[in-house]
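Visitor: sequence unknown, structure follows:
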């Protein structure tokens with residue numbers, strides 16, 4: 001027998017939850033087949049088969065909390081030999097099921113006979129005055145059946161969802177969070193994308209998106225306002241001499257925030273490739289803990305879902321987060337004339353304990369100016 005064990009968990013994680021079994025007892029598995037998924041606070045880990053054989057036992061059911069190297073089940077690796085085929089194993093399981101069914105049938109018939117005898121004895125027994133000796137009534141069980149179309153379902157939160165909920169709640173309770181807003185004219189960026197998107201994709205094999213402009217603008221602004229790139233640790237302020245930009249990415253399992261390390265050193269094509277890679281692996285559940293740890297500043301793009309304006313919540317222990325939104329044509333005044341321009345609202349949520357209002361506003365204006373005049377990003381002015 002080969003034991004299926006919980007893999008070694010990332011640092012600082014002590015337990016996980018069995019998310020889903022992809023095989024059931026009696027199923028034949030090949031070497032490296034994914035048998036079960038384990039969910040931690042940050043990622044979902046796939047547990048592959050280390051031997052070919054038949055899954056003979058499951059020791060930890062879905063939803064059960066498990067610890068590092070705990071046994072999840074057993075694989076009968078001898079069942080993978082030529083003399084024992086998967087079909088034979090299935091037949092054995094089926095025969096056992098029939099035998100169990102027959103046994104349960106006999107027990108059921110005996111129970112029915114006993115119940116009939118009990119009913120006859122009750123009929124023959126003298127009746128008791130209900131008023132003299134009232135029989136205690138048991139509370140009626142709560143029905144789980146749907147009543148009309150008012151059906152409800154209670155589902156336990158996943159471990160990742162619990163972690164997200166706790167972090168967001170902690171950020172709102174333990175910081176003096178405030179949000180300032182501005183808007184940016186996206187005309188120049190849209191023009192640059194239209195003019196250079198084909199050449200950019202041909203040279204770097206990745207599309208030119210909005211995020212690389214915003215990451216670049218944020219990095220240059222963080223250099224000017226280092227406090228926005230810092231955080232509070234006890235009674236100290238910790239400043240960073242680097243910019244690790246966290247990028248909020250939505251997945252089926254919840255929001256994840258992988259980090260672009262040393263974003264201040266990255267070219268726009270590196271940023272675009274990194275974000276595409278994060279998005280793909282967020283859906284696959286293959287992002288590692290180390291890729292989502294750290295980060296000095298976060299950018300979240302609610303515009304991809306159609307959000308026009310929002311107040312993003314801090315990604316603790318960071319002190320600020322930039323919220324992007326939907327680009328929408330609106331009338332604005334330019335040089336005394338009303339014109340139609342593609343506009344986007346920007347939101348900067350920040351920890352007022354460390355960042356003053358004036359500094360937050362100036363930081364957001366710096367981002368706005370860099371985006372409305374992208375030459376600033378090249379000249380770094």
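Guide: Sure thing, it's come through. None of the values given here were measured: they were computed from a predicted structure.
Visitor: residues near residue 356, how many?
Guide: Neighbour count for residue 356, taken as other C-beta atoms under 10 Å: 11. All C-beta spots, glycine's among them, are computed from the backbone N, C-alpha and C.
Visitor: now residue 35
Guide: Residue 35: 21 neighbours (other C-beta under 10 Å).
Visitor: same question for residue 365.
Guide: 15.
Visitor: what's the answer for the one 5 residues further on, then?
Guide: The tally of other residues near residue 370 (other C-beta under 10 Å) stands at 23.
Visitor: that one and residue 379 touch, don't they?
Guide: No - applying C-beta atoms under 8 Å, one finds residue 370 not in contact with residue 379, separated by 10.2 Å.
Visitor: pretty sure residue 178 sits against residue 352.
Guide: Yes - with contacts counted by C-beta under 8 Å, residue 178 reaches residue 352, the gap being 4.8 Å.
Visitor: which neighbours do these two share?
Guide: Common neighbours of residue 178 and residue 352, counting by C-beta atoms under 8 Å, 6 or more residues apart in numbering, are absent.
Visitor: neighbours of residue 240, just the number please.
Guide: Neighbours around residue 240, by other C-beta under 10 Å: 15.
Visitor: next: residue 61.
Guide: Look at residue 61: counted by other C-beta under 10 Å, it has 9 neighbours.
Visitor: what does residue 293 give?
Guide: Neighbours of residue 293 (other C-beta under 10 Å): 16.
Visitor: local confidence estimate at it?
Guide: Residue 293 carries a pLDDT value of 84.
Visitor: for it, what are its contacts?
Guide: Counting by C-beta under 8 Å, 6+ apart, residue 293 touches residue 259.
Visitor: just to be sure, it is in a helix?
Guide: No - with DSSP: H, G, I helix; E, B strand; the rest coil as the criterion, residue 293 is assigned coil and is not in a helix.
Visitor: what residues are up against residue 216?
Guide: 268, 271, 370, 377.
Visitor: give me phi/psi at it?
Guide: phi -60, psi -50 (degrees, to the nearest 10).
Visitor: where does pLDDT dip in this protein?
Guide: Residue ranges of the chain with pLDDT under 70: 10-12, 41-42, 80-148, 381.
Visitor: the strand or helix carrying residue 345: how far from the chain's middle?
Guide: For residue 345, the element it lies in under DSSP states H and E is strand 337-351. Taking C-alpha atoms, centre = their mean, to the nearest Å, the mean C-alpha location of strand 337-351 is offset from the chain mean by 29 Å.
Visitor: and stretch 284-295, by the same measure?
Guide: With C-alpha atoms, centre = their mean, you get 11 Å for stretch 284-295.
Visitor: quick one: the helices in the stretch 1-150 of the chain?
Guide: 86-124 (DSSP state H, counting those that start in this stretch).
Visitor: strands of that one, residue ranges please.
Guide: 2-5, 15-21, 28-29, 34-39, 44-48, 53-58, 65-67, 71-76 (DSSP state E, counting those that start in this stretch).
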